[in-house]
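>>> no sequence for this one, just the structure:
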């Protein structure tokens with residue numbers, strides 16, 4: 001199984017992944033509650049513009065507009081019978097932009113949570129989860145995705161099911177969790193344990209890491225845990241643009257381009273090999289991150305205290321201090337790439 005990420009890492013050392021999907025599509029007119037995936041066929045020019053903006057900002061990896069592309073998510077919009085069509089279109093759009101970039105740009109097929117809880121906490125069985133992810137990833141592969149990008153996960157079993165699906169389809173894969181609950185995932189996964197989630201499967205991941213979560217400081221704390229546990233691993237960090245805040249009915253993100261540039265420098269120093277942005281990260285923020293990575297010479301590994309001094313306070317305690325256990329509550333996360 002070819003691995004384009006390792007090949008590009010060998011050339012560049014650190015890769016820049018893209019930024020927010022939802023934030024930027026909302027700016028283009030996406031309505032609250034509307035499924036972005038439907039735009040892959042209804043308004044593809046706007047998805048082209050999304051990817052082109054990130055490529056122009058310097059992204060090495062662009063994620064397809066398919067985060068909610070399983071039948072369980074699409075069912076919320078009466079589109080459960082369009083899984084292959086919408087995912088294939090998502091990958092084909094990103095592929096068309098990447099192929100015109102004039103440099104290597106990797107198309108990562110975004111695979112988000114199903115929104116269902118697996119047994120025994122919910123009704124979904126493990127084989128049903130594998131089936132749902134397989135259906136989605138087949139569409140992404142057909143459209144030209146280079147890798148399955150499993151993201152914003154909370155439950156180790158769901159990560160494993162998506163990884164098993166990617167292997168069966170024949171795509172290399174990465175996976176990232178959202179450590180948004182007292183420094184751990186909602187289902188209790190500690191960042192240091194991210195590396196062993198898919199142990200025993202036929203193929204190992206290309207990279208593992210964290211995305212979304214709370215703010216940039218919190219995800220950098222998670223990054224330190226992950227790289228401390230496995231210093232040689234290829235670790236992804238794709239943090240939100242500062243701290244999200246509600247102002248009335250709208251969500252605002254506190255991160256400036258300067259802050260996100262410093263986040264990128266700290267991420268390099270903390271051992272990340274793939275760095276990007278999640279919710280709130282615009283093309284301007286990503287350009288600042290590109291410039292920061294290109295100009296930065298890897299320096300001393302930061303501490304959590306260093307991160308807080310430069311980026312700002314954490315919203316949660318670090319995972320090692322939280323004492324959080326496995327969570328059983330259901331919390332809806334429709335968009336992990338807002």
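Right, received. Where do you want to start? The shown structure was predicted, so the numbers you read here are calculated from the model rather than taken from an experiment.

>>> any idea whether residue 151 is helix, strand or coil?
Following DSSP: H, G, I helix; E, B strand; the rest coil, we place residue 151 in the strand state.

>>> can you pull out the strands in the stretch 1-150 of the chain?
With DSSP state E, counting those that start in this stretch as the criterion, the stretch 1-150 of the chain has strands at 15-16, 61-63, 106-111, 147-153.

>>> right, and residue 17 touches residue 55 too?
No. Using C-beta atoms under 8 Å, residue 17 is not in contact with residue 55, being 11.8 Å away. All C-beta spots, glycine's among them, are computed from the backbone N, C-alpha and C.

>>> Those two: which is more packed in?
More crowded of residue 17 and residue 55, by other C-beta atoms under 10 Å: residue 17, with 29 against 22.

>>> now the more buried one: how far from residue 136?
Remark: distance between residue 17 and residue 136 (C-beta to C-beta, to the nearest Å) = 20 Å.

>>> ok, residue 137 - contacts?
Going by C-beta atoms under 8 Å, 6 or more residues apart in numbering, residue 137 touches 87, 109, 111, 148, 162, 165-166, 169, 171.

>>> Residue 181: which of those residues is nearest?
Proximity of those to residue 181 (C-beta to C-beta) peaks at residue 162, which lies at 20.1 Å.

>>> and residue 107, bridged to which residues?
Beta bridges link residue 107 to residue 62, judged by DSSP bridges.

>>> That one contacts residue 64, doesn't it?
Yes. The criterion here is C-beta under 8 Å, and residue 107 meets it with residue 64 at 6.7 Å.

>>> Can you check the pLDDT for residue 248?
Per-residue pLDDT puts residue 248 at 76.

>>> next one: the one 10 residues further on
Per-residue confidence for residue 258 comes out at a pLDDT of 97.

>>> Correct me if wrong, but it is in a strand.
No. Judged by three-state DSSP, residue 258 forms no part of a strand; its state is helix.

>>> Correct me if wrong: it contacts residue 288.
Yes. Assessed by C-beta under 8 Å, residue 258 is found in contact with residue 288 at 6.7 Å.

>>> who has more neighbours, the two?
Legend: neighbour count by other C-beta under 10 Å for residue 258 and residue 288, higher for residue 288 (25 against 11).

>>> what residues are up against the more buried one?
Taking C-beta under 8 Å, 6+ apart as the criterion, residue 288 is in contact with 257-258, 260-261, 264.

>>> Mind doing that once more with 6 Å?
257, 260-261 (C-beta atoms under 6 Å, 6 or more residues apart in numbering).

>>> One more: residue 180?
213-214.

>>> Buried ones in stretch 213-232, by neighbour count?
The neighbour-count check on stretch 213-232 (16 or more other C-beta atoms under 10 Å) flags 213-227, 229 as buried.

>>> swap that for stretch 190-200, sorry
By neighbour count on 16+ other C-beta under 10 Å, the buried set for stretch 190-200 is 190-195, 197-198.

>>> Just put those in a markdown table and tack on pLDDT and distance to residue 40.
Putting those into a markdown table (pLDDT from 0 to 100; distance: C-beta to C-beta, whole Å) gives the following:
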| residue | pLDDT | distance to residue 40 |
| --- | --- | --- |
| 190 | 97 | 35 |
| 191 | 97 | 32 |
| 192 | 97 | 37 |
| 193 | 98 | 35 |
| 194 | 98 | 30 |
| 195 | 98 | 33 |
| 197 | 98 | 29 |
| 198 | 98 | 28 |
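
>>> pretty sure residue 238 is touching residue 209, no?
No. Assessed by C-beta atoms under 6 Å, residue 238 is found out of contact with residue 209, at 7.3 Å.
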